[in-house]
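K.L.:
Let me see the structure of the following:
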Amino acid sequence: MENHPHGPVSEAAKVRADSVEPLEIEALTRRLVIGDDDAYRQFYHAYYDRLSRYLLVVTAGNEDAMHEALQRTLMRIVKNIRVFPSEGIFWSWLTVLARSSVIDERRKRRRYLAFLDRFASHTRTEDTALNGNIGDERLRELLNRNLKSLPPDERSLLERKYFEHRSVRDIAELEQVSEKTIESRLVRIRRKLKNAVLTALHNNEANS
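P.N.:
This is a model prediction of the structure:
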């Protein structure tokens, strides 16, 4: 049995996947709608590489961007799948989801960089120890590294507030806590990032 990024693919599923014809798409997508695991394995075997190649073209050969967009596309497929009458219509729908995923990833990336710039500026303004002591690019690099090392819950909170631009009230309702609690968490996480940057700078200076 062959392993696949989304689960093992049975030999029977491989045979069926290799011969997905237009007239079979309606039956396949109908099974996808009801969550048939074997149908999803068949779908992945038939379309995973094809979508990867398509997204690699759309992202101009950027493999990291391709993989990010591919994962987002696959999640959207699972969430929005419906019955399609032909392979042509189905593939057209898949490419729409794929292009939308690329656009969303680019927007997310711009928001991420904007957050780093804002936070770097705020950190430099608040702490005179940073003035003239570190370049903007180095500061963004340290912030980026420490942001990625945050626990998932803390990183998710920052993403909702600064990347998705959700209000504190919306986040509080989503997590079923008070707005004050969310604000306190945000302050604590921002302080944590700032301290991590200062610590990294201190260690670099001590080792230089």
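K.L.:
residues in contact with A39?
P.N.:
Neighbouring residues of A39 by C-beta atoms under 8 Å, 6 or more residues apart in numbering: 28, 31-32. Any C-beta I mention is one placed from the backbone N, CA and C, and that applies to glycine too.
K.L.:
Now it: closest residue in space that isn't a chain neighbour?
P.N.:
Once flanking residues are discounted, A39 sits nearest to R31: 3.6 Å by C-beta to C-beta, 6 or more residues apart in numbering.
K.L.:
Can you give me the buried ones in the helix or strand that neighbour falls within?
P.N.:
Taking DSSP states H and E as the definition, R31 sits inside helix 22-33. Buried residues in helix 22-33, counted by 16 or more other C-beta atoms under 10 Å: 25, 28-29, 31-32.
K.L.:
before we move on, what about stretch 180-197?
P.N.:
So for stretch 180-197, counting by 16+ other C-beta under 10 Å, buried means 182, 185-186, 189, 193-194, 196-197.
K.L.:
Show me the chain divided up by domain.
P.N.:
11-106, 127-207 (automatic domain parsing).
K.L.:
How much space separates I25 from E164?
P.N.:
Remark: distance between I25 and E164 (C-beta to C-beta, to the nearest Å) = 34 Å.
K.L.:
now do L147
P.N.:
For L147, the distance to E164 - C-beta to C-beta - is 15 Å.
K.L.:
swap in V96?
P.N.:
Counting by C-beta to C-beta, the gap from V96 to E164 is 22 Å.
K.L.:
same thing with P85?
P.N.:
Computed as C-beta to C-beta, the P85 to E164 distance reads 36 Å.
K.L.:
Output the contacting helices and strands for the one helix or strand R188 maps to.
P.N.:
Assigned by DSSP H and E, R188 falls within helix 179-207. Here helix 179-207 touches helix 87-126, helix 136-148, helix 152-158, helix 168-175, going by 3 or more C-beta pairs under 8 Å, 6 or more residues apart in numbering; DSSP states H and E.
K.L.:
between those, which gets nearest to D49?
P.N.:
helix 87-126 (12.8 Å; C-beta to C-beta).
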